[in-house]
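Colleague: need a 3D model of the following:
(one chain, ligands or ions: 2)
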Amino acid sequence: MENTTTQKPYIIVFEGIDGSGKSTQINIVYELLKDKNVKLLREPGSTEIGEKIRDILKSQKLDPKTQTFLIEASRAHMIENHLKGFKGIVLLDRFIYSTIAYQGYGFGIDISFLKTLNDFVCDIYTPDIVFLLDIDPKTALKRLKREKDVFENLDFLKRVRDGYLELAKEYSFYTIDASKNVEAITDEITAVLKQHGILS
Ligand SMILES: Nc1ncnc2c1ncn2[C@@H]1O[C@H](COP(=O)(O)OP(=O)(O)OP(=O)(O)O)[C@@H](O)[C@H]1O
Ligand SMILES: [Mg+2]
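Modeller: Numbers count the residues shown, from 1 in each chain. Ligands and ions are numbered 1, 2, ... in the order given. Presented below is the predicted three-dimensional model:
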(Lines give C-alpha, C1' and ligand atoms only; values in the text may rest on other atoms or scores of the structure.)
(Ligands and ions follow the chains in the order given, each with its own letter.)
Protein backbone atom coordinates (compact mmCIF):
# COMPACT_ATOMS: atom_id res chain seq x y z
CA MET A 1 0.00 0.00 0.00
CA GLU A 2 1.35 3.36 -1.01
CA ASN A 3 1.23 6.12 1.57
CA THR A 4 3.11 9.34 1.05
CA THR A 5 3.36 10.03 4.77
CA THR A 6 3.48 7.59 7.63
CA GLN A 7 1.96 10.19 9.93
CA LYS A 8 -1.57 9.92 8.65
CA PRO A 9 -4.12 7.24 7.84
CA TYR A 10 -4.88 6.30 4.24
CA ILE A 11 -8.11 8.20 3.63
CA ILE A 12 -10.70 6.93 1.15
CA VAL A 13 -13.72 9.18 0.67
CA PHE A 14 -17.15 8.45 -0.79
CA GLU A 15 -19.03 11.48 -2.09
CA GLY A 16 -22.27 12.01 -3.98
CA ILE A 17 -25.75 13.42 -3.59
CA ASP A 18 -28.36 11.96 -1.25
CA GLY A 19 -29.43 8.51 -2.41
CA SER A 20 -26.45 8.02 -4.73
CA GLY A 21 -25.43 4.86 -2.88
CA LYS A 22 -22.48 6.00 -0.73
CA SER A 23 -23.49 4.13 2.42
CA THR A 24 -24.35 0.99 0.44
CA GLN A 25 -20.92 0.91 -1.22
CA ILE A 26 -18.86 1.97 1.78
CA ASN A 27 -20.36 -0.83 3.87
CA ILE A 28 -19.47 -3.38 1.18
CA VAL A 29 -15.91 -2.03 0.97
CA TYR A 30 -15.65 -2.08 4.77
CA GLU A 31 -16.54 -5.79 4.74
CA LEU A 32 -13.91 -6.45 2.07
CA LEU A 33 -11.23 -4.67 4.13
CA LYS A 34 -12.24 -5.92 7.56
CA ASP A 35 -9.13 -8.05 8.10
CA LYS A 36 -7.07 -4.85 7.84
CA ASN A 37 -6.71 -1.96 10.28
CA VAL A 38 -9.73 -0.03 8.98
CA LYS A 39 -12.23 2.49 10.38
CA LEU A 40 -15.60 3.37 8.88
CA LEU A 41 -16.59 6.97 9.64
CA ARG A 42 -19.25 9.38 8.45
CA GLU A 43 -19.73 13.12 8.23
CA PRO A 44 -21.19 14.88 9.97
CA GLY A 45 -20.90 12.46 12.86
CA SER A 46 -18.55 9.69 14.01
CA THR A 47 -18.11 11.06 17.53
CA GLU A 48 -20.70 11.64 20.24
CA ILE A 49 -20.62 15.38 19.59
CA GLY A 50 -20.50 14.88 15.81
CA GLU A 51 -23.61 12.69 15.90
CA LYS A 52 -25.46 15.36 17.90
CA ILE A 53 -24.44 17.89 15.26
CA ARG A 54 -25.71 15.52 12.57
CA ASP A 55 -29.11 15.28 14.30
CA ILE A 56 -29.35 19.08 14.49
CA LEU A 57 -28.45 19.53 10.82
CA LYS A 58 -30.85 16.85 9.59
CA SER A 59 -33.84 17.95 11.64
CA GLN A 60 -34.09 21.67 11.01
CA LYS A 61 -33.53 24.25 8.33
CA LEU A 62 -30.54 26.26 9.51
CA ASP A 63 -28.98 29.11 7.57
CA PRO A 64 -25.98 27.94 5.50
CA LYS A 65 -23.37 29.82 7.56
CA THR A 66 -24.50 28.05 10.72
CA GLN A 67 -24.54 24.74 8.83
CA THR A 68 -21.00 25.34 7.65
CA PHE A 69 -19.55 25.95 11.08
CA LEU A 70 -21.43 23.04 12.64
CA ILE A 71 -20.13 20.72 9.91
CA GLU A 72 -16.57 22.02 10.29
CA ALA A 73 -16.82 21.58 14.06
CA SER A 74 -17.93 17.97 13.60
CA ARG A 75 -15.03 17.50 11.14
CA ALA A 76 -12.45 18.95 13.51
CA HIS A 77 -13.71 16.74 16.32
CA MET A 78 -13.65 13.62 14.14
CA ILE A 79 -10.10 14.34 12.97
CA GLU A 80 -8.93 14.96 16.52
CA ASN A 81 -10.57 11.80 17.87
CA HIS A 82 -10.30 9.31 15.01
CA LEU A 83 -7.64 10.36 12.49
CA LYS A 84 -4.84 11.80 14.60
CA GLY A 85 -2.35 9.07 15.44
CA PHE A 86 -4.20 6.43 13.35
CA LYS A 87 -2.13 4.85 10.59
CA GLY A 88 -4.61 2.40 9.11
CA ILE A 89 -7.27 2.91 6.44
CA VAL A 90 -10.16 5.32 6.97
CA LEU A 91 -13.32 4.98 4.91
CA LEU A 92 -15.24 8.24 5.00
CA ASP A 93 -18.93 8.56 4.09
CA ARG A 94 -18.74 12.23 2.99
CA PHE A 95 -15.90 14.65 3.73
CA ILE A 96 -14.65 18.11 2.69
CA TYR A 97 -16.14 18.01 -0.81
CA SER A 98 -19.66 17.67 0.60
CA THR A 99 -19.22 21.07 2.24
CA ILE A 100 -18.15 22.65 -1.04
CA ALA A 101 -20.90 20.93 -3.02
CA TYR A 102 -23.78 21.51 -0.55
CA GLN A 103 -22.95 24.73 1.31
CA GLY A 104 -20.99 26.19 -1.62
CA TYR A 105 -22.61 25.17 -4.91
CA GLY A 106 -25.95 24.37 -3.27
CA PHE A 107 -26.42 27.30 -0.87
CA GLY A 108 -24.03 29.86 -2.31
CA ILE A 109 -21.39 30.21 0.40
CA ASP A 110 -18.15 31.48 -1.08
CA ILE A 111 -16.26 28.46 -2.38
CA SER A 112 -12.74 29.74 -1.85
CA PHE A 113 -13.66 30.56 1.75
CA LEU A 114 -14.94 26.99 2.22
CA LYS A 115 -11.70 25.63 0.78
CA THR A 116 -9.71 27.75 3.22
CA LEU A 117 -11.85 26.52 6.11
CA ASN A 118 -11.46 22.90 4.98
CA ASP A 119 -7.67 23.31 4.72
CA PHE A 120 -7.57 24.83 8.19
CA VAL A 121 -9.61 22.01 9.71
CA CYS A 122 -8.00 19.12 7.79
CA ASP A 123 -4.35 20.10 8.04
CA ILE A 124 -2.47 17.00 6.81
CA TYR A 125 -5.57 14.78 6.87
CA THR A 126 -6.41 15.08 3.20
CA PRO A 127 -8.01 12.34 1.09
CA ASP A 128 -5.89 9.80 -0.80
CA ILE A 129 -8.73 8.48 -2.97
CA VAL A 130 -12.12 10.07 -3.66
CA PHE A 131 -15.01 8.19 -5.25
CA LEU A 132 -17.81 10.33 -6.63
CA LEU A 133 -21.04 8.38 -7.07
CA ASP A 134 -22.63 10.44 -9.80
CA ILE A 135 -26.35 10.15 -10.45
CA ASP A 136 -29.30 12.14 -11.72
CA PRO A 137 -31.08 13.64 -8.66
CA LYS A 138 -34.48 12.39 -9.84
CA THR A 139 -33.28 8.79 -9.81
CA ALA A 140 -31.53 9.29 -6.48
CA LEU A 141 -34.56 10.81 -4.78
CA LYS A 142 -36.74 7.93 -6.01
CA ARG A 143 -34.40 5.55 -4.20
CA LEU A 144 -34.92 7.31 -0.88
CA LYS A 145 -38.14 5.84 0.40
CA ARG A 146 -37.78 7.36 3.86
CA GLU A 147 -38.96 10.85 4.74
CA LYS A 148 -36.81 13.47 2.97
CA ASP A 149 -34.58 15.72 5.06
CA VAL A 150 -34.03 19.45 4.51
CA PHE A 151 -31.34 18.95 1.82
CA GLU A 152 -33.36 16.65 -0.39
CA ASN A 153 -35.17 18.59 -3.09
CA LEU A 154 -34.61 18.37 -6.81
CA ASP A 155 -33.37 21.84 -7.84
CA PHE A 156 -31.02 22.01 -4.91
CA LEU A 157 -29.57 18.57 -5.62
CA LYS A 158 -29.06 19.49 -9.29
CA ARG A 159 -26.78 22.34 -8.23
CA VAL A 160 -25.00 20.04 -5.79
CA ARG A 161 -24.48 17.42 -8.49
CA ASP A 162 -23.07 19.97 -10.93
CA GLY A 163 -20.79 21.22 -8.17
CA TYR A 164 -19.50 17.74 -7.54
CA LEU A 165 -18.77 17.30 -11.25
CA GLU A 166 -16.72 20.52 -11.22
CA LEU A 167 -14.81 19.30 -8.18
CA ALA A 168 -14.24 15.92 -9.83
CA LYS A 169 -12.32 17.66 -12.62
CA GLU A 170 -10.40 19.88 -10.24
CA TYR A 171 -9.34 17.14 -7.83
CA SER A 172 -9.23 14.04 -10.07
CA PHE A 173 -11.96 12.04 -8.34
CA TYR A 174 -12.88 8.57 -9.54
CA THR A 175 -16.31 9.37 -10.93
CA ILE A 176 -18.61 6.38 -11.12
CA ASP A 177 -21.96 6.13 -12.87
CA ALA A 178 -24.10 5.45 -9.80
CA SER A 179 -27.23 4.60 -11.78
CA LYS A 180 -25.69 1.15 -12.40
CA ASN A 181 -26.52 -1.79 -10.17
CA VAL A 182 -24.83 -2.24 -6.80
CA GLU A 183 -22.51 -5.03 -7.97
CA ALA A 184 -21.28 -3.14 -11.05
CA ILE A 185 -20.42 -0.11 -8.91
CA THR A 186 -18.62 -2.28 -6.35
CA ASP A 187 -16.58 -3.83 -9.18
CA GLU A 188 -15.41 -0.39 -10.33
CA ILE A 189 -14.49 0.62 -6.80
CA THR A 190 -12.59 -2.58 -6.05
CA ALA A 191 -10.68 -2.26 -9.33
CA VAL A 192 -9.43 1.15 -8.21
CA LEU A 193 -8.56 -0.16 -4.75
CA LYS A 194 -6.56 -2.98 -6.34
CA GLN A 195 -4.76 -0.48 -8.54
CA HIS A 196 -3.72 1.40 -5.38
CA GLY A 197 -2.64 -1.76 -3.56
CA ILE A 198 -5.40 -1.49 -0.94
CA LEU A 199 -7.02 -4.75 -2.03
CA SER A 200 -5.26 -7.74 -3.55
N1 LIG B 1 -26.87 0.94 -7.33
C2 LIG B 1 -28.06 0.98 -6.75
N3 LIG B 1 -29.18 0.73 -7.46
C4 LIG B 1 -30.40 0.79 -6.90
N5 LIG B 1 -30.63 1.11 -5.61
C6 LIG B 1 -29.55 1.38 -4.84
C7 LIG B 1 -28.23 1.35 -5.36
N8 LIG B 1 -27.36 1.68 -4.38
C9 LIG B 1 -28.12 1.92 -3.30
N10 LIG B 1 -29.42 1.75 -3.56
C11 LIG B 1 -30.56 1.96 -2.64
O12 LIG B 1 -30.83 3.35 -2.67
C13 LIG B 1 -31.10 3.84 -1.36
C14 LIG B 1 -30.06 4.92 -1.01
O15 LIG B 1 -28.77 4.31 -0.94
P16 LIG B 1 -27.71 4.77 0.16
O17 LIG B 1 -28.37 4.90 1.48
O18 LIG B 1 -26.53 3.87 0.04
O19 LIG B 1 -27.36 6.21 -0.42
P20 LIG B 1 -26.52 7.38 0.27
O21 LIG B 1 -25.71 7.98 -0.82
O22 LIG B 1 -25.79 6.85 1.44
O23 LIG B 1 -27.66 8.39 0.69
P24 LIG B 1 -27.60 9.53 1.86
O25 LIG B 1 -26.71 10.62 1.33
O26 LIG B 1 -29.01 9.96 1.98
O27 LIG B 1 -27.04 8.87 3.09
C28 LIG B 1 -31.08 2.63 -0.45
O29 LIG B 1 -32.40 2.16 -0.28
C30 LIG B 1 -30.23 1.62 -1.20
O31 LIG B 1 -30.57 0.30 -0.88
MG1 LIG C 1 -25.79 7.43 3.44
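Colleague: could you count how many residues lie near the closest residue to residue 177 other than its chain neighbours?
Modeller: Take residue 177 and drop its neighbours on the chain: the residue closest to it by C-beta to C-beta, 6 or more residues apart in numbering is residue 134, 6.3 Å away. From N, CA and C alone the C-beta is placed, and that goes for glycine too. For residue 134, the neighbour count with other C-beta atoms under 10 Å is 20.
Colleague: isn't residue 134 up against residue 173?
Modeller: No: with contact defined as C-beta atoms under 8 Å, residue 134 does not count as touching residue 173 (9.1 Å).
Colleague: got a list of what the residue nearest to residue 177 touches?
Modeller: 16, 20, 161, 164, 165, 168, 175, 176, 177, 178 (C-beta atoms under 8 Å, 6 or more residues apart in numbering).
Colleague: just the buried residues of those.
Modeller: 16, 20, 161, 164, 165, 168, 175, 176, 178 (16 or more other C-beta atoms under 10 Å).
Colleague: list just the nearest of those residues to ligand 1.
Modeller: Distance to ligand 1, by C-beta to the nearest ligand atom, is smallest for residue 20 among the buried ones among the contacts of residue 134, at 4.3 Å.
Colleague: element containing the closest one?
Modeller: Under the criterion DSSP states H and E, no helix or strand holds residue 20.
Colleague: save the contacts of residue 134 as CSV, and put in distance to residue 30, secondary structure and pLDDT too.
Modeller: Listed next are these as CSV, based on distance: C-beta to C-beta, whole Å; DSSP: H, G, I helix; E, B strand; the rest coil; pLDDT from 0 to 100:
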residue, distance to residue 30, secondary structure, pLDDT
16, 17, coil, 98
20, 17, coil, 98
161, 25, helix, 98
164, 22, helix, 98
165, 26, helix, 98
168, 23, helix, 98
175, 21, strand, 98
176, 17, strand, 98
177, 22, strand, 98
178, 18, coil, 98
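Colleague: those also near ligand 1: which ones?
Modeller: 16, 20 (C-beta under 6 Å from any ligand atom).
Colleague: Throw the contacts of residue 134 into JSON lines and include distance to residue 139, thanks.
Modeller: Output for the contacts of residue 134, formatted as JSON lines (distance: C-beta to C-beta, whole Å):
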{"residue": "16", "distance to residue 139": "12"}
{"residue": "20", "distance to residue 139": "9"}
{"residue": "161", "distance to residue 139": "11"}
{"residue": "164", "distance to residue 139": "15"}
{"residue": "165", "distance to residue 139": "16"}
{"residue": "168", "distance to residue 139": "18"}
{"residue": "175", "distance to residue 139": "16"}
{"residue": "176", "distance to residue 139": "14"}
{"residue": "177", "distance to residue 139": "11"}
{"residue": "178", "distance to residue 139": "9"}
